[in-house]
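Visitor: got a structure for you, letters missing:
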């Protein structure tokens, strides 16, 4: 009888989620305006996390948001960065508002979180 290779996953145990997955889930939640979903992926989100995002969108009169991720970088052990670009449609602006930034991630207690 041969044993299964050590690289195979153990049944019933899920593999750790990498930074790419966490970053993708965060950006998808942001684009969908799922503030609770975003906060769940953040390491130590402030108590007013959702309110800050809601107020920003309301005060600017953001009508839509699209986000395009770049390539993930791993600058060090337990660290990752994902550059991204986005476009906000803002009521009354007359043109799309393009922006870019980077999402910083860190390994916290064995789980990748947005910093």
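Guide: Now that the structure is in, tell me what you want to look at. Given the structure is predicted, the values throughout are model-derived calculations rather than measurements.

Visitor: contacts, neighbours, all on C-alpha from now
Guide: Will do.

Visitor: Tell me which residues of stretch 66-77 come out buried.
Guide: Buried residues in stretch 66-77, counted by 16 or more other Cα atoms under 10 Å: 67, 69, 72.

Visitor: Same question for stretch 104-112.
Guide: For stretch 104-112, a neighbour-count test (16+ other Cα under 10 Å) marks 104-107, 112 as buried.

Visitor: ok, now stretch 43-60?
Guide: Across stretch 43-60, burial judged by 16+ other Cα under 10 Å covers 43, 50, 57.

Visitor: now the strands: where do they sit in the protein?
Guide: 62-69, 73-76, 79-90, 97-108, 111-114 (DSSP state E).

Visitor: For these, give me a markdown table that also has distance to residue 18 and mean pLDDT.
Guide: Below are the strands of the chain laid out as a markdown table (distance: least, Cα to Cα, whole Å; pLDDT from 0 to 100):
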| stretch | distance to residue 18 | mean pLDDT |
| --- | --- | --- |
| strand 62-69 | 15 | 96 |
| strand 73-76 | 11 | 94 |
| strand 79-90 | 10 | 97 |
| strand 97-108 | 9 | 97 |
| strand 111-114 | 6 | 97 |
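
Visitor: Go through these and name the closest to residue 37.
Guide: Smallest distance to residue 37 across the strands of the chain (Cα to Cα): 11.9 Å, for strand 111-114.

Visitor: In CSV: the buried residues of stretch 66-77, plus distance to residue 26.
Guide: CSV is the format used below for those (distance: Cα to Cα, whole Å):
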residue, distance to residue 26
67, 11
69, 11
72, 14
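
Visitor: what about residue 114, how many neighbours?
Guide: Residues contacting residue 114 under the criterion other Cα atoms under 10 Å number 23.

Visitor: Isn't it up against residue 42?
Guide: Yes: under the criterion of Cα atoms under 8 Å, residue 114 makes contact with residue 42 at 4.5 Å.
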